[in-house]
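Chemist: just to be clear, the model below is a prediction. Sequence and coordinates:
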Amino acid sequence: MSNDTNNNPNLLYTEKGPSLKSQFNDFFKQFPHHSLEYTKSIFPIRNWIGRYNLTWLYGDLIAGFTVGAVVIPQAMGFANIVGIPVEYGLYSSFVGMALYCLFATSKDMTIGPTAVMSIILAQTIPRVKADYGDTDFPYLSTDITTTICFFSGIISLAIGLFRLGWLFNFIPVYCQEIFNLIKLNLSIGQLPNLFGITGVETRLNPPYRILIDFCAGLPRTKSDVAIGLISLAFLYAVKYGCAYGEKRSTKYKKVFFFCDEKLFPFRVVKKVPRGLNHVKVPNFEPQLVNAVFKSIHIIVLISLLEHISIAKSFGRINDYKVQPSQEIIAIGITNVIGSFLGAITATGSFSRSALKSRAGVRTPLSGVSSATLVILALYVLTPAFFYIPQAALSAVIIQAVMVLLSRPSYIKTLYYVECNLGLGCLRYCYRSLHNGIFASWGFSFLVLLARMARPRVDTLGRLALATFNRKSDRSDDSIPKYAFVPLEDPSFTTVETPPEGIVIFRFTESLTFPNSNYIDDSIVEYIELHTRRLYKRAVKKDDQPWNETDGLVDAAENEKLSPLRAVIYDFSAISYVDTSGFQALIDVRKAVNKHAAREVEYHFVNILDERVQNALIRADFGRQIPIITESINEKTENNIEEGIEFPKTNKRFFHLTIEEAIVEAQS
């Protein structure tokens, strides 16, 4: 027992917690040990590399080389979308796959350039040039992308090292579905190339504008459309043909899988220079950095959100746990180091991760074999890459992106559950991705605040479930079993009201400052309407206080109501109560005691946190009640407000079940 408890007999069964001084002493004493453990936690590879075996190696090599064959054309194609030389995409893929195994908590993830990040960078480059200020922009687009890559990596690394990955739990699922619009926008942006139409701005304009310009340019269609449509038809024929063969023939399932169109290197455009030709320090010129920082927030947000959502998805599918903060560290280090090699911002790729998972990957070390294939391509295989028509490349991009879109039924479900997705989509279609993401997230935040500030305060009743007989000689010795449900719920027609004089409240949110006043008013209003008022109020109009707006009191109606004996609070949904919440409960007690002209009992059920219980006790909850009086005079009212000394009691005001609280309230 603490000293405060010994001095004040009204403070019951509180536990003595550690002092602030002892907590600081323990922290500094354990600091070296915790620092070492923290450093070890940054490298999860140490947990499994000692158990590495030939079986794992076989699976990793197959999956790694499969993904490597896919990532080479994809990386060059995505760099082409950004508007920079194609080798920059290969640099990004090499660094991401080579380093990820050191920090990975997901065996399936593949880091590199993606469709979403490519279109974001393509839209960001002109914005940075506009924010730079000078009419004559003195730098190349690659200077912008490497600077963005470095600072996005630094920010991501800081978020990961401080273990702030939980912040991304505040991004709702339907905000992530706006990525579907980005992929759709990418496909729409390839239509002019597919038809050979020039003069259509596809990087800055929103989707609706691209479609309008594309339709207006249809009379300028060139012969490229023949190559483009034939290529697109061929890709879909191979895709669905292999899928059909894989489903029908178990014997040749692997053959059909590795014949998938994803392995065809159609995305190569022009000759790729050999080796790592752009190794240098990123450009840190202050004016350029300032322009980059105006747009970097959306790049960091989308890169981390895309990666974490994909990693968690494969973690659920393959039954392993992903640590978001650790994955963010991997993204940060990849982009920081990659920026010195000329890489563009990298993140997790869904299509390549899915391919790796299906190919039978065993550990994150498979990325090394993929990186080996990429660096081999950069130094040895560049003569094998030759030019293909731009229309065919556009066909490959359209087909690859369209298969990643969520099913319409899933989008429809999200729309019915959360209409905020529709707001974000509409904002994106008419403005930009930045506006779409922040419009849906901002509206979601407002909805969250509204739900916190106006939670449901349910008044509960009993729903009889069954009666169990004790093994006893008494024939009437039985235990009734009840469920407690909201009285106003229309789906329950046989709900019994609580015993006379007892009111039960259940909260749906924690008691915090946004909702404390609302909960206070809701409880007091219900009690005043449904229980007898014993506090004598004005019966004459001349004696009515100025602040009473409900007219003269109907004494006859008041007499029909039962006097209040006890209030039961169900805290099963409450995980935290702040100072405003405790003050609201104290204000309720003061108003209710005045209304009932007595000290009402207050019982608490299912308190999840011992600190909440101790704080309630210190606020004088959990005491014996005084002798009941019919009315209170001025002296009694003052005593109630100031707190009356009562003898020490046991834990009869804190319970595990509502039934137990009702029994105690009736005793």
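Modeler: Received it, and whenever you're ready, just let me know what you need.

Chemist: show me where the stretch 551-667 of the chain has helices.
Modeler: Under the criterion DSSP state H, counting those that start in this stretch, the stretch 551-667 of the chain contains helices at 555-560, 579-596, 610-618, 634-642, 658-666.

Chemist: got a markdown table for those, with mean neighbour count too?
Modeler: Heads up, the C-betas are built off the backbone N, CA and C, glycines and all. As requested, the helices of the stretch 551-667 of the chain are exported to a markdown table (neighbours: other C-beta atoms under 10 Å):
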| stretch | mean neighbour count |
| --- | --- |
| helix 555-560 | 9 |
| helix 579-596 | 19 |
| helix 610-618 | 18 |
| helix 634-642 | 12 |
| helix 658-666 | 18 |
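
Chemist: can you tell which of those is closest to residue 348?
Modeler: Among the helices of the stretch 551-667 of the chain, the nearest to residue 348 by C-beta to C-beta is helix 610-618 (39.4 Å).

Chemist: now the helices of the stretch 551-667 of the chain as JSON lines including distance to residue 79?
Modeler: Supplementary listing: those in JSON lines, determined by distance: least, C-beta to C-beta, whole Å:
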{"stretch": "helix 555-560", "distance to residue 79": "78"}
{"stretch": "helix 579-596", "distance to residue 79": "53"}
{"stretch": "helix 610-618", "distance to residue 79": "55"}
{"stretch": "helix 634-642", "distance to residue 79": "73"}
{"stretch": "helix 658-666", "distance to residue 79": "63"}
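
Chemist: all strands of the protein, in order?
Modeler: With DSSP state E as the definition, the chain shows strands at residue ranges 111-112, 347-348, 457-469, 478-486, 502-507, 566-570, 601-605, 654-655.

Chemist: using JSON lines, lay out these together with distance to residue 591.
Modeler: JSON lines is the format used below for the strands of the chain (distance: least, C-beta to C-beta, whole Å):
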{"stretch": "strand 111-112", "distance to residue 591": "59"}
{"stretch": "strand 347-348", "distance to residue 591": "55"}
{"stretch": "strand 457-469", "distance to residue 591": "15"}
{"stretch": "strand 478-486", "distance to residue 591": "23"}
{"stretch": "strand 502-507", "distance to residue 591": "13"}
{"stretch": "strand 566-570", "distance to residue 591": "11"}
{"stretch": "strand 601-605", "distance to residue 591": "13"}
{"stretch": "strand 654-655", "distance to residue 591": "22"}
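
Chemist: that older thread, residue 70 is nearest to which of the helices of the stretch 551-667 of the chain?
Modeler: Here helix 610-618 is closest among the helices of the stretch 551-667 of the chain (C-beta to C-beta), at 53.3 Å.

Chemist: packing partners for that closest one?
Modeler: Counting contacts by 3 or more C-beta pairs under 8 Å, 6 or more residues apart in numbering; DSSP states H and E, helix 610-618 packs against helix 579-596.

Chemist: so what pLDDT did residue 461 get?
Modeler: Residue 461 carries a pLDDT value of 91.

Chemist: and for residue 568?
Modeler: Here the pLDDT value assigned to residue 568 is 94.

Chemist: number of nearby residues for it?
Modeler: 24 (other C-beta atoms under 10 Å).

Chemist: how is this structure divided into domains?
Modeler: Here the domain assignment for the chain is 50-405, 457-537+549-666, based on automatic domain parsing.

Chemist: and these: which comes nearest residue 29?
Modeler: The closest of these to residue 29 is domain 50-405. By C-beta to C-beta, the value is 21.6 Å.

Chemist: residue ranges with poor pLDDT in the stretch 251-400 of the chain?
Modeler: Within the stretch 251-400 of the chain, the stretches with pLDDT under 70 are 251-272, 382-400.

Chemist: one more time with 50
Modeler: In the predicted model of the stretch 251-400 of the chain, residues 255-269, 388 satisfy pLDDT under 50.

Chemist: now swap in the chain and tell me
Modeler: Applying pLDDT under 50 to the chain flags the ranges 1-15, 255-269, 388, 420-421, 423-424, 426-430, 472-476, 551-553, 626-650.

Chemist: of the domains of the chain, flag the one that's most buried.
Modeler: Across the domains of the chain, the average number of neighbours (mean count of other C-beta atoms under 10 Å) peaks for domain 50-405, which reaches a mean of 20.

Chemist: re earlier: so which of the helices of the stretch 551-667 of the chain comes closest to residue 152?
Modeler: With C-beta to C-beta as the criterion, residue 152 lies closest to helix 579-596 of these, at 38.7 Å.

Chemist: quick one: contacts of that closest one?
Modeler: Residues outside helix 579-596 that contact it (C-beta atoms under 8 Å, 6 or more residues apart in numbering): 510-513, 516-517, 519-520, 523-524, 527-528, 531-535, 563-564, 567, 569, 577, 599-600, 602, 615-616, 619, 621, 632, 637, 640-641.

Chemist: what are the ranges of the helices in the stretch 151-300 of the chain?
Modeler: With helices called from DSSP H, counting those that start in this stretch, the stretch 151-300 of the chain shows them at 173-176, 178-194, 207-216, 224-248, 253-258, 286-293, 296-318.

Chemist: which residues does residue 498 contact?
Modeler: 460-462, 504, 568, 662.

Chemist: kindly recompute the last result at 6 Å.
Modeler: Counting by C-beta atoms under 6 Å, 6 or more residues apart in numbering, residue 498 makes contact with residue 504.

Chemist: how much space separates it from residue 527?
Modeler: Separation of residue 498 from residue 527 (C-beta to C-beta, to the nearest Å) stands at 13 Å.
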